[in-house]
Structure formats: C-alpha cells, structure tokens
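J.: here is my input; please provide its structure:
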Amino acid sequence: MLIFTSALPEGGEALIILTLLLVPLTQSLGINPVLLGIVNVQNLTIAGVMPAIGTLMNTTCFITGVSIADFNKKAIPLLIIIIIIMIVALLMVTLIPIISLWLPKLVYGEAPLVMSPSMDVEHAKFV
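T.: Prediction:
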C-alpha cells in the first residue's frame, strides 16, 4: 500500500506526509521507528522507479533526452527484475526486522530511543 501511495507525490513530500501519519500508529503498535524509516525509504525507492509514474524514471528520461516510451521499451524487462528484487528485500526487512536493526543495536547497545508523546527526554526509555 505504501508503494502506491508514495508513487504519486514527490519522494520528499511523501516521506514527510507518510511519516507524520504513521509514527503515532506504529508507536502504539510497538514497531521500532528506525524500522519504519527504513521501510518508508524502501517503499519510496520502489515507487520512484515504477514505470509510468515513477519520478526517478521521468527525471532520467528528461536528463538523457530519451522519450519515456523509448525508455520503457528498453528498460521494462530490467525494471521488472529490479522491482521484484527490491520488493523481496522490502519483505525481508519488514518480516525479519533484525536485518535492518543490527547496526543500531551494535552502535547503541539497544534499539534507538523511543518516546511516547507524554514523555520528555529525561524519562525516555529504550525498547
């Protein structure tokens, strides 16, 4: 669902809007905010390269001077393979969170700081 909702606006705008909407929900469900950020960025990347509405594809065509129709004829087989690989990576990171959280746990010793809206910085806890 995130891929399709982030395909229409520009990546930065979609990241801000989706993050503001999803952070309270994911914190109430106990989902790590670092994992949410990684999943959001992966979804935006997949949406950016999808044919017809992908902003990264349109930018590439504009810079190289190639028409979108010619680009799609040549790049669709490769894009399909790349999108499948990216979706598999997204599923792996989403379903096996340790893949994306091992580095923060290595650096911080625990998962990154999580705060509820009623807490201040001194009373924040590690999860």
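J.: you'd agree L90 is up against I46?
T.: Yes: contact criterion C-beta atoms under 8 Å: L90 and I46 qualify, at 6.8 Å. All C-beta spots, glycine's among them, are computed from the backbone N, C-alpha and C.
J.: neighbour count: those two, which is higher?
T.: I46 (21 against 18; other C-beta atoms under 10 Å).
J.: now the lengthiest helix in the chain: buried residues?
T.: Of all segments of type helix in the chain, defined using DSSP state H, the longest is helix 68-95. Neighbour-count burial for helix 68-95 flags 71, 75, 79, 83, 86, 90, 93-94 (criterion: 16 or more other C-beta atoms under 10 Å).
J.: can I get those in CSV with pLDDT and distance to T59?
T.: Below are the buried residues of helix 68-95 laid out as CSV (pLDDT from 0 to 100; distance: C-beta to C-beta, whole Å):
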residue, pLDDT, distance to T59
F71, 83, 11
A75, 81, 14
L79, 81, 15
I83, 84, 17
M86, 89, 18
L90, 89, 22
V93, 89, 25
T94, 86, 27
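J.: going by distance to S100, which of these wins?
T.: Ranked by distance to S100 (C-beta to C-beta), those are led by V93 at 4.8 Å.
J.: shaky segments in the protein?
T.: Scanning the chain for pLDDT under 70 picks out the ranges 1-11, 51-53, 110-127.
J.: show me where the protein has helices.
T.: 2-5, 11-29, 33-49, 55-64, 68-95, 98-108.
J.: for the fourth one, packing partners?
T.: Right, helix 55-64. helix 33-49, helix 68-95 (3 or more C-beta pairs under 8 Å, 6 or more residues apart in numbering; DSSP states H and E).
J.: rerun at 10 Å
T.: In terms of contacts (3 or more C-beta pairs under 10 Å, 6 or more residues apart in numbering; DSSP states H and E), helix 55-64 is packed against helix 11-29, helix 33-49, helix 68-95.
J.: kindly present those as JSON lines, with separate columns for distance to T55.
T.: Formatted as JSON lines, these follow (distance: least, C-beta to C-beta, whole Å):
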{"stretch": "helix 11-29", "distance to T55": "7"}
{"stretch": "helix 33-49", "distance to T55": "5"}
{"stretch": "helix 68-95", "distance to T55": "12"}
